[in-house]
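# Quick check, what structure comes out for this input:
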Amino acid sequence: QVQLVESGGGSVQAGGSLTLSCVVRGCNHYRGDSRWYRQAPGKDREFVAMIDTRGGTSYADSVKGRFTASHDWRVNAVYLQMNSLKPEDTATYYCSTQCRASQGDPLRDYWGRGTQVTVSS
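Model prediction:
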């Protein structure tokens, strides 16, 4: 069973930093790209960042230059370093990873349950 567990959210003042972690369990056969998304109250879920299997990254324009995605597959983790946080970054943050749990399984996206980030002005 594949599970993604996010952590590291919290409340910070504008200009502060947080690092989100996402531990991926049970993805034993193949692990593909990982993505971070966020959803603010009353808004649609939006893309934040992507890191591919080689460490290549891409970011939403709204976070470019402030957020950094990384991974450490020695510990089955994906990270999102968030600097210079703004009140508009307030949202629930979700990680997602492409995974084939076992040989013969379909490649699909798995999601965590999210971690809340609140930025006050």
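# State the three-state secondary structure for the residue of the chain positioned farthest from its centre.
Relative to the centre of the chain, and counting by CA atoms, centre = their mean, the farthest-placed residue is residue 104 at 26.5 Å. Here residue 104 is coil, with the state taken from DSSP: H, G, I helix; E, B strand; the rest coil.
# I'd guessed residue 21 sits against residue 78; true?
Yes: here residue 21 reaches residue 78: they are 7.5 Å apart, a contact under CB atoms under 8 Å. Glycine gets a C-beta too; all of them are placed from N, C-alpha and C.
# the more surrounded of the two?
Legend: neighbour count by other CB atoms under 10 Å for residue 21 and residue 78, higher for residue 78 (27 against 17).
# quick one: the more buried one is in a strand?
Yes: assessed by three-state DSSP, residue 78 belongs to a strand.
# Enumerate every residue touching it.
Counting by CB atoms under 8 Å, 6 or more residues apart in numbering, residue 78 makes contact with 21, 22, 24, 34, 36, 51, 69, 70, 71, 95, 97.
# can you rerun that using 10 Å?
Applying CB atoms under 10 Å, 6 or more residues apart in numbering to residue 78 gives the contacts 4, 6, 20-24, 31, 33-36, 49, 51, 69-72, 95-97, 112.
# Fine by me, we can end here.
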